[in-house]
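Engineer: Coordinates only, no sequence provided:
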Ligand code: PMP
C-alpha cells in the first residue's frame, strides 16, 4: 500500500507515510470507533477524476454524525486535498481511503478530539474480473438497532472480516449476508442486485449500507429504461433469479456465477448486469456515448 516515498494527508499536512505513527491508547484501535470511506479515481480523457468524491465525503460526515463524532472539516477543502494527494503520489487510477479516528482516550465516552487521515494506492478490481462463487454466510449483518448500519464505522467491519474469512475457508470467492429478519442484505463490502425476467431487484435501504454505487446503478436503470424494484428479497428469490451482481466502489460491478449450489441460468454477458457493468465503466471514465459501448 505504501513505499518509502508515499505521502499521506493528516490533519491539514502532507507527510511521509512510512514515518507516520498512530497512537496506541485510543478508542479507534481498541473499540473500532472510527469512520472511513473508500473512493476510486480513474484516469479519464479529462485527466484523473475522482468518481462521486463529494458524495463520499458527505457520507463520511454523516457516518461521523451517526456515531456522535465531530466532523470539523470543510468538504470542499477535503476534495481539493485529495486531488493534491493523488498528484503528490503520481497516482492516476487509485483507491482512496479517508479515515476519521479519535485522539488518545480509553474511555467509552464519544471522543471530542478527532483526526482525519487520507491515503491512496493503486488498486485493481477488488474481487477480480471473474464471475464469483458466493455462499450465504452463517453471519448476519448487524442489527441497525445495535449499530448504525448506514454509517461506515470501522467496528462494523469485524462482521465483514468474519464473513469473508468463512467464505474463503469454504472455497468460495465471496459471502452474502442476510439481515436480522433473514432477508438478503449485502456482501461484506458491496451491495447486491438480482435479475428476474429482465427486471432488477435490490434490497431497500434500512438494513444495509447505502452504497454510492448502488445509487449509481439505480440511476443507470432510469437512464437505460431498465425496471428496478427495491424490495426485501429472500434466499428463495435469489435461488430463482436469472442472474445477479455485486456493486461497490472497490468491487465496481461484479457478476455472480452461483450462490451456494445454485448456478444462475443466464450467461453473464447476456445479463442486464453486464449492460450495467459496461455503462458503469463508461460513466466512471467520463465517456458520454453509452449507446456506442452498450
Ligand atoms: N456495503 C458495504 C458493507 C460496504 O462496505 C460497501 C463499500 N463501501 C458497500 C456496500 C458499497 O458501497 P459503495 O458503493 O458506496 O462503495
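Structural biologist: Looks like it arrived, so ask away. Keep in mind it's a predicted model, so treat the numbers as computed, not measured.
Engineer: C-alpha only now, for contacts and for neighbours.
Structural biologist: Will do.
Engineer: Poorly predicted segments of the protein, please.
Structural biologist: 288-294 (pLDDT under 70).
Engineer: surely residue 178 meets residue 188?
Structural biologist: No. The pair residue 178 / residue 188 is not scored as a contact, 10.6 Å apart, by Cα atoms under 8 Å.
Engineer: mind listing the helices for this structure?
Structural biologist: 27-31, 53-66, 75-88, 157-169, 212-224, 235-238, 272-284, 290-293 (DSSP state H).
Engineer: Any chance of JSON lines for these, columns distance to residue 133?
Structural biologist: Formatted as JSON lines, those follow (distance: least, Cα to Cα, whole Å):
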{"stretch": "helix 27-31", "distance to residue 133": "33"}
{"stretch": "helix 53-66", "distance to residue 133": "29"}
{"stretch": "helix 75-88", "distance to residue 133": "34"}
{"stretch": "helix 157-169", "distance to residue 133": "9"}
{"stretch": "helix 212-224", "distance to residue 133": "21"}
{"stretch": "helix 235-238", "distance to residue 133": "14"}
{"stretch": "helix 272-284", "distance to residue 133": "16"}
{"stretch": "helix 290-293", "distance to residue 133": "27"}
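Engineer: Which positions in the stretch 101-250 of the chain make contact with the ligand?
Structural biologist: 188-191, 209, 211-214, 248-249 (Cα under 6 Å from any ligand atom).
Engineer: quick one, which of residue 178 and residue 188 is more surrounded?
Structural biologist: Legend: neighbour count by other Cα atoms under 10 Å for residue 178 and residue 188, higher for residue 178 (24 against 21).
Engineer: for that one, what are its contacts?
Structural biologist: 136-137, 139-141, 184-186 (Cα atoms under 8 Å, 6 or more residues apart in numbering).
Engineer: Could you check how far it is from the ligand?
Structural biologist: With distances taken as Cα to the nearest ligand atom, to the nearest Å, residue 178 is found 12 Å from the ligand.
Engineer: does the nearest residue to residue 238 once chain neighbours are set aside have beta-bridge partners, and which?
Structural biologist: The shortest distance from residue 238 to any non-neighbouring residue, by Cα to Cα, 6 or more residues apart in numbering, is to residue 194 (7.0 Å). Note on residue 194: beta-bridge partners by DSSP bridges are residue 201, residue 244.
Engineer: Just confirm residue 194 contacts residue 239, I think it does.
Structural biologist: No. Contact criterion Cα under 8 Å: residue 194 and residue 239 do not qualify, at 9.9 Å.
Engineer: between the two, who's got more neighbours?
Structural biologist: When residue 194 and residue 239 are compared for neighbours, residue 194 comes out ahead with 27 against 17, by other Cα under 10 Å.
Engineer: what's the distance between the residue in the chain sticking out farthest from the centre and the ligand?
Structural biologist: Here the centre of the chain is the reference, and by Cα atoms, centre = their mean the most remote residue is residue 107, at 29.8 Å. According to Cα to the nearest ligand atom, residue 107 and the ligand sit 27 Å apart.
Engineer: That residue contacts residue 30, doesn't it?
Structural biologist: No. Counting by Cα under 8 Å, residue 107 does not reach residue 30; the two are 10.2 Å apart.
Engineer: out of everything not next to it in sequence, what's closest to residue 183?
Structural biologist: residue 234 (4.9 Å).
Engineer: All set now, cheers.
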